[in-house]
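**Q** Pasted the sequence and its predicted model underneath.
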2 protein chains.
Amino acid sequence: MQWVKVLGGAAGAAALLGLGIILGHFAIPKGADPAPSASASQDLDPEILEVVMGLLSASRIRENLRELSREPHPASSRQDEALVQLLLQHWQDPESGLDSVETSSYEVLLSFPSPEQPNRVAIVGPAGNISFSCRQSKENLTGEQGGPDVLPPYAAYAPPGTPQGLLVYANRGSEEDFKELQAQGIRLNGTIALTRYGGVGRGAKAVNAAKHQVAGVLVYTDPADINDGHSLPNETFPHSWHLPPSGVERGSYYEYFGDPLTPYLPAKPSSFRLDPDTAPGFPPIPIQPIGFEDAQVLLCNLQGPPAPAAWQGALGCDYRLGPGFQPGGMFADSQVNMSVYNRLELRNSSNVLGVIRGAAEPDRYVLYGNHRDSWVHGAVDPSSGTAVLLELSRVLGTLVKKGIWRPRRSIVFASWGAEEFGLIGSTEFTEEFSSKLRERAVAYVNVDISVFANATLRAQGTPPVQSVLFSAAKQISAPGPGGLSIYDNWLRYFNRSSPAYGLVPSLGSLGAGSDYAPFIHFLGISSMDIAYTYDRSKTSARIYPTYHTAFDTFGYVDKFVDPGFGSHQAVARTAGSVLLRLSDSLFLPLNVSDYSETLRSFLQAAQQHLGAQLEGEGISLAPLVTAVGKFEREAVALSRHISALQKGTFDPLQVRMLNDQLMLLERAFLNPRAFPEERYYSHVLWAPRHSSVATFPGLANACARALNTDPGSAAWAEVRRQLSIVVAALEGAAATLRPVADL
Amino acid sequence: MQWVKVLGGAAGAAALLGLGIILGHFAIPKGADPAPSASASQDLDPEILEVVMGLLSASRIRENLRELSREPHPASSRQDEALVQLLLQHWQDPESGLDSVETSSYEVLLSFPSPEQPNRVAIVGPAGNISFSCRQSKENLTGEQGGPDVLPPYAAYAPPGTPQGLLVYANRGSEEDFKELQAQGIRLNGTIALTRYGGVGRGAKAVNAAKHQVAGVLVYTDPADINDGHSLPNETFPHSWHLPPSGVERGSYYEYFGDPLTPYLPAKPSSFRLDPDTAPGFPPIPIQPIGFEDAQVLLCNLQGPPAPAAWQGALGCDYRLGPGFQPGGMFADSQVNMSVYNRLELRNSSNVLGVIRGAAEPDRYVLYGNHRDSWVHGAVDPSSGTAVLLELSRVLGTLVKKGIWRPRRSIVFASWGAEEFGLIGSTEFTEEFSSKLRERAVAYVNVDISVFANATLRAQGTPPVQSVLFSAAKQISAPGPGGLSIYDNWLRYFNRSSPAYGLVPSLGSLGAGSDYAPFIHFLGISSMDIAYTYDRSKTSARIYPTYHTAFDTFGYVDKFVDPGFGSHQAVARTAGSVLLRLSDSLFLPLNVSDYSETLRSFLQAAQQHLGAQLEGEGISLAPLVTAVGKFEREAVALSRHISALQKGTFDPLQVRMLNDQLMLLERAFLNPRAFPEERYYSHVLWAPRHSSVATFPGLANACARALNTDPGSAAWAEVRRQLSIVVAALEGAAATLRPVADL
């Protein structure tokens, strides 16, 4: 069987032997009804886990990826819909499909370049003559960058317009960058600002620029930021994994997430929609991305004072600030003209949802998802994740169809639409089923880009998922030589010193980079994101070099990102093990007491960095100290209760009650009224923090805003309010951990 | 035993026999550990129900009431705190107490008259002489209306001030009333407006008056509105149950509910507080209540045009509008002077909470509560409810302490503080434990005033509680002759034709009149309010006549409201039976499919009364029709599933999953973003409706506001938004009723 070969170093001889016995055992026909009966005390079977690990095939993931990335498939395109059909076909397969599958479609606002009027960036001489035009599509290096289905580079949701003005260089387009230009006396009014990717969000570059009366913004990827400085054609793809000079990162420039016209409502055809002309969150001025070969022409011909050292890049010239081009040069007295013809369009975008019904607790959902839409071929983003999703659902579906296994809880596999435009499919799903998901979702596992690079596992998540990730990672071999477990390999690359456990791999926290965002921030569902990633000692690239370009192709992955697909397999096994543990363990493997470390560290940061400032206003952190202490004590007591229950006799209702406490803890941190200006963000611990103090975000943000305001200001009142909000959330959360008959 | 005597006509001979056998059976000592073991399949035992019905004693309720209403006990007073101790003593009693008891205190903003400077209303002659003063305390008719602990009449939260001006009569102080005065050419600027209770909320009278530059407001109870016209001393208490001429209704004039300074946060000492000077919801101008004997002096001496016929009352004169007094009369050229010295004070107010731990599902809470604070002695309001609460907790506590019985789920008894000031204790409780309650509360049963009068049961609640109320009411005999069940008696007084069931007693819907409000509106917990009430063919009184006056005493109840306390006992039995059924039934007796009738009637009202208006704007109700239909179908399917489950074999987890669907349905109607201007109101079906169309409140209110605005107005956009909000809620609710492994 295929899996035996694939298993390779991933399982020891003993495991192999066990595996053979199990398969032999399971292969015996069980009679007319092969489904195992629902058992209230069903628990994770380590042998099933071994079987699943063994069956997850690197070569099948590779074939999935080839199929998924064959054509460009941006959201709502014909090819995207074809992949919907592909997923349906896989998940309805009689041999390896799921119990039930459905698609659900939303009518959402997307943004596309005009097919008739291509966006254009040109240098226009004083007589109106065009002396230079930026490339309108990428160089067709592998035969995959041409054709009508390759979306030309554009900034999704940037408004149309044809601004023209003198060029300035504005570094990353942050508020500070524009202030620096202002400080240097650069007149910004009416200019075109050339910015580089990174530092701040895409849309923020236009927002910041518009505040200074800039007329249009260009954005490019500096080779210093993505290629470790390499920029020559023979140093870049297809000769290496580096970004070619003509590569352009696409992306959404929308500020929020979810369908822009239907916040908090599912984007059904009949739903109330905001007026697109006044809906918030779109870039205020035209913005257009270009490749670094074009950026070089623009930037290396600028006049004006030299840019600060930190603003210099790897285009092979000294960056200057402008405005305008060098008087003696080929573009003397020229301006830059942008012609942007993007259009907003209401399009249908589909999610595909497949369910394996839980045997004992079908009303408890472990969700596992990834988006399906790409910008171009999207081999890495998102198809590397979808390839894993298909392999994992195939393996589990096969066991279910054969009657060998059925999880204790339901598993919901999801293929989201229109993530690239702003996590739209997943957000609409959470809006449509908010009540059901809040009540019943155990956790959400996201595997978007499954392999950025092949050095190490990288995971983001809330504290309760740390334990299940560690358990999974300890039992699986890392790809490559060395014989380390994924856990031990991970520990070498990302680690922290935990007061409770000593040196452990460090989990990142969840921002809004992929479809986990609505689950954790809007609904308070414990979430995680899993991938393989870089050796950071070897690259400082912002992200993998062909990200969101037409060079993110199957060949790129196969040749440079993960030859042999061992890292893909490692991610499939890790995520698969996590999924099995969450869906099949009698006691939910969510260690809620791991929240205590986070709360304690947030508290210490507040005391250390904000304590004096607060004290000056007569604001005491004592209630917060009390609340954190209470949480810690209740968490410890609950852990003891769990241990006692596991050792003694218990009935299934007792376990259910305990599991409900574990599942719902994350919900106790939700407060939909805490941050009214932050759309969807309701989790008081993980809302966006606009302050360098690593503490409770509401408190940190309010303190940052109150600084230098008068003692009786509204800003200081907001600090007090935010402090009370987090104290109430922690007290409320601690109350949910107490013995359930106590108040 | 006492209960045998009390049982009387309430149980038949067969039941009595059964009861004897059961008690004999239970009386046999069970050995060292008398607690029955937790059983996952424990179900309601009809014999225990009979025992409880039998043990609930009218004479004990009477004794409780005598004790509870012995002294005036307004919120946070010494006597209120003494009752906290009394409750603790009862609930900690070793023979009849509960498993655990605790008090929890909040620091809340209350409002009291100044003890040093009594409020005063006087007629001031042109020379500044006082020609008449309203009574500052009530006539001491029964020896209970005097003394330092009787709060003099005042309007809680009315601001201090000493306005003086010509008197006008403004009927009930509604917006329309002031517009009518304006239409009649009455100059309102700087006047004092005399209003009568009823029609609009207390505080609204001052809000409406202030819009017309009125300087101060007086409010009195017209004998036409409370005494069926009777007003003479010998027709009123202590000679009958009617309000004496010196009686004055106190009350809260605060617009919202909950502690005014800590909306959405528990009012702990450290909590963030609004500035009381700018916190919203307080009356904008001084307002003071007076008795009708004083109102008669003022009103019967007014000059000006005669008041409209509908404004006339029973004070024995023709009401005129003013401004000012008759020129030939004793108050010619006089003005009215109000001196209001109310003070806002931060006070500690306590809740008392007692728990009977559930045997099988301790994490499911059936809550039963009433407030403890009164305005004066508060024999009816709230002690008639608290007397029932104490008797019910005694009976259940006794069974638990004796080891005879323990409910399947936990029962939480609550004695709320500071309800009279705006449901403060209960609201703070829901804020402090919002997560826990949202997750775990099965239902909230409120018995505030248990007996308004002794004619019939009256209940308010959301549709799912109808079935359990009916089941209880059918099994209990109504007090008085006739031998009817409470149900059949109820049916005679309040009924409606149900499409599903034919003629049934009609349940009222839940406003914000008592402590159920935060449970249903803020947390979406199925709630009900139970009482005995009037024969409406015999009285048109707004409420029982001594409501919120110093005449609401034990003697009043004992002599006029419920001699013999049979109605109190009937309420105890009804509420007790409901409580037992909710806490002990294996399958939760919440019939969620009864929501279908409500939704269908709301839909029909929308189609009939708003359809044309909406169609004119191109707004279709089709999505609402679809959503209601979907809800109905899923509810029917769920009912079939329940029946099938009840007939077949099932494991406790299956029942738990089903019960979770039933318990949580009400939560699916919550949308904290639906009505941002309505504090706490999140339930999209039961938010306040300011329109006469009996349909979905958000839609009704938005349509009312959009009427006569331009087609593209923000008001019409809000209509569309509200329609989408209710459609999404119904679709989401229907989704929670589907088989749990379906999406």
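**A** In hand now; what should we look at? Note that the structure is predicted; figures quoted are calculated from it, not measured.
**Q** Am I right that A:Thr103 is in contact with A:Gly354?
**A** No: the criterion here is CB atoms under 8 Å, and A:Thr103 misses it with A:Gly354 at 10.0 Å. Heads up, the C-betas are built off the backbone N, CA and C, glycines and all.
**Q** if you count what's nearby, which of these two comes out ahead?
**A** When neighbours are counted by other CB atoms under 10 Å in any protein chain shown, A:Gly354 comes out ahead of the other of A:Thr103 and A:Gly354, with 25 against 15.
**Q** partners of the one helix or strand that one maps to, with directions?
**A** Using DSSP states H and E, the element containing A:Gly354 is strand A:343-356. Counting by DSSP bridges, the strands paired with strand A:343-356 are strand A:100-112 (antiparallel), strand A:409-416 (antiparallel).
**Q** Just give the nearest non-adjacent residue to the closest residue to chain B within the stretch 501-650 of chain A, would you?
**A** Nearest residue of the stretch 501-650 of chain A to chain B: A:Pro623, at 4.0 Å (CB to the nearest CB). Closest residue to A:Pro623 apart from its sequence neighbours, by CB to CB, 6 or more residues apart in numbering or on different chains: B:Ser270 at 4.0 Å.
**Q** hang on, isn't that neighbour packed against A:Ile619?
**A** No: counting by CB under 8 Å, B:Ser270 does not reach A:Ile619; the two are 9.8 Å apart.
**Q** Contact residues of the stretch 501-650 of chain A facing chain B?
**A** The stretch 501-650 of chain A comes close to chain B at residues A:620, A:622-623, as judged by CB under 8 Å from any CB of the partner chain.
**Q** And these, which is closest to A:Val51?
**A** Nearest to A:Val51 among those, counting by CB to CB, is A:Pro623 at 51.2 Å.
**Q** hang on, the earlier thing: if you count surrounding residues, which of B:Ser270 and A:Ile619 has more?
**A** A:Ile619 (21 against 17).
**Q** Could you chop chain A up by domain?
**A** Domain segmentation of chain A under automatic domain parsing yields A:2-30+A:43-100+A:349-584, A:114-341, A:592-737.
**Q** Mean neighbour count, those: which tops it?
**A** For those, average neighbour numbers computed from mean count of other CB atoms under 10 Å in any protein chain shown are highest in domain A:2-30+A:43-100+A:349-584, which has a mean of 22.
**Q** taking the mean pLDDT, what do you get for that domain?
**A** The average pLDDT within domain A:2-30+A:43-100+A:349-584 is 92.
**Q** Off-centre distance for it?
**A** With CA atoms, centre = their mean, to the nearest Å as the basis, domain A:2-30+A:43-100+A:349-584 stands 13 Å off its chain's centre.
**Q** thinking again about what came up before, export the domains of chain A to JSON lines and tack on distance to B:Gln661?
**A** Below are the domains of chain A laid out as JSON lines (distance: least, CB to CB, whole Å):
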{"stretch": "domain A:2-30+A:43-100+A:349-584", "distance to B:Gln661": "8"}
{"stretch": "domain A:114-341", "distance to B:Gln661": "21"}
{"stretch": "domain A:592-737", "distance to B:Gln661": "14"}
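**Q** just to revisit the earlier point, give me every residue that touches the residue nearest to A:Pro623.
**A** By CB atoms under 8 Å, 6 or more residues apart in numbering or on different chains, the residues touching B:Ser270 are A:620, A:622-623, A:724, A:727.
**Q** again, but for A:Val101
**A** So A:Val101 contacts A:88, A:91-92, A:352-355 (CB under 8 Å, 6+ apart).
**Q** Pairing-wise in the sheet, spell out the partners of it.
**A** Per DSSP bridges, the residues bridged to A:Val101 are A:Gly354.
**Q** how close does it get to B:Leu743?
**A** 10 Å (CB to CB, to the nearest Å).
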